[in-house]
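Colleague: Need a 3D model of the sequence below.
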Amino acid sequence: MISIVRFIAAMVAALLPRQYRSRWAWTSDASLRGPTIFSGLAETMISLGVIILRYYAFFQWRLGIISAAALKQGAAVGTQALGSMAAAFGMGFTTLVEYVFSPLTLLLIYFSIEGVLRLFAALVTDECVGTMPLYLVAWGLGRAGKARKERQLGPRVPDEVQHCEGITYDLVIASCRPKPGWDHMITIEYQDQLYELFEEKKGYPPRPHIYQLRIHPRGKVIRGLHHYHPDEMLTDKERLAMPKGPAMQQDK
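Modeller: Okay, here's the model as predicted:
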């Protein structure tokens, strides 16, 4: 019973985007290969089954409407019209087209195709592919989370740069946003001078991220180079809206 429950849970996990299912150690692509195969097969079979059952019910409903409309023209005329082969063929074709292109039917067709693709991805490449609607939900949640975090960080403003002399560091950069990748392995180029990170500290809004830099020693190997500009944290729209003028800079 525990194995069955675990397998069903793995089938459900196989539908999730990678960033969500990676939270559990047992949801690697290798361990989810079998559940993904069954999940894709079940997705296809259920979707096709619903399509067929819905078409039968839809056809009966549409036939009732057409029959009622024909019989309004008179019992004899209506019966003769419904009994002709051309009328039966036309009614069947138009009903099929109407059914296939209804939004719910198109969605079910998509899921049936997606299930086949997920099944073959697991069979051929051992890749666990989730379902597209959940990827869209994850994308929306990610965008909302980024927007919320952006609001919490406050408005974007240009960096404030201070040159320092006679201290253990030579340049201080106060930024409104953290700078990914700025560590002791990176070399920063600013105004034709090379610097390396000395220390990172917390400051106060609107520029709570403080980076203390010192001049890069001569002869030291450069592993990575970053060409720095004080307005690099701004978006293109914010950069264009800025008044033209020198960078915010203060010698100390």
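
Colleague: which helices and strands does the longest helix belonging to the chain pack with?
Modeller: Ranked by number of residues, the top helix in the chain under DSSP state H is helix 33-71. With contacts taken as 3 or more CB pairs under 8 Å, 6 or more residues apart in numbering; DSSP states H and E, helix 33-71 sits against helix 2-13, helix 75-83, helix 85-100, helix 103-125. C-beta: built from backbone N, CA, C; applies to glycine.

Colleague: Would you mind getting the angle between the longest one and helix 33-71?
Modeller: Going by axes from the mean of the first three to the mean of the last three CA atoms, to 10 degrees, helix 103-125 is angled at 160 degrees with respect to helix 33-71.

Colleague: Rounded mean pLDDT for helix 103-125, please.
Modeller: If you average the pLDDT over helix 103-125, you get 93.

Colleague: Equivalent analysis for stretch 174-184, please.
Modeller: Mean predicted confidence for stretch 174-184 is 92.

Colleague: For it, buried residues please.
Modeller: 174, 175, 176, 177, 179, 182 (16 or more other CB atoms under 10 Å).

Colleague: Send me it as CSV with only the CA atoms.
Modeller: Output of stretch 174-184 as CSV, limited to C-alpha atoms (Å, rounded to 0.1, in the frame of the first residue of the first chain):
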residue,chain,number,x,y,z
ALA,A,174,26.6,52.3,-2.7
SER,A,175,23.9,50.6,-4.7
CYS,A,176,20.2,50.3,-4.5
ARG,A,177,20.4,46.6,-5.6
PRO,A,178,22.8,43.7,-4.8
LYS,A,179,25.3,43.0,-7.5
PRO,A,180,25.3,39.3,-8.3
GLY,A,181,28.7,37.9,-9.0
TRP,A,182,30.7,40.6,-7.1
ASP,A,183,33.1,38.5,-5.0
HIS,A,184,36.8,38.2,-4.5
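
Colleague: coming back round to it: so which of the helices and strands packed on helix 33-71 is the most packed in?
Modeller: Across these, the average number of neighbours (mean count of other CB atoms under 10 Å) peaks for helix 103-125, which reaches a mean of 16.
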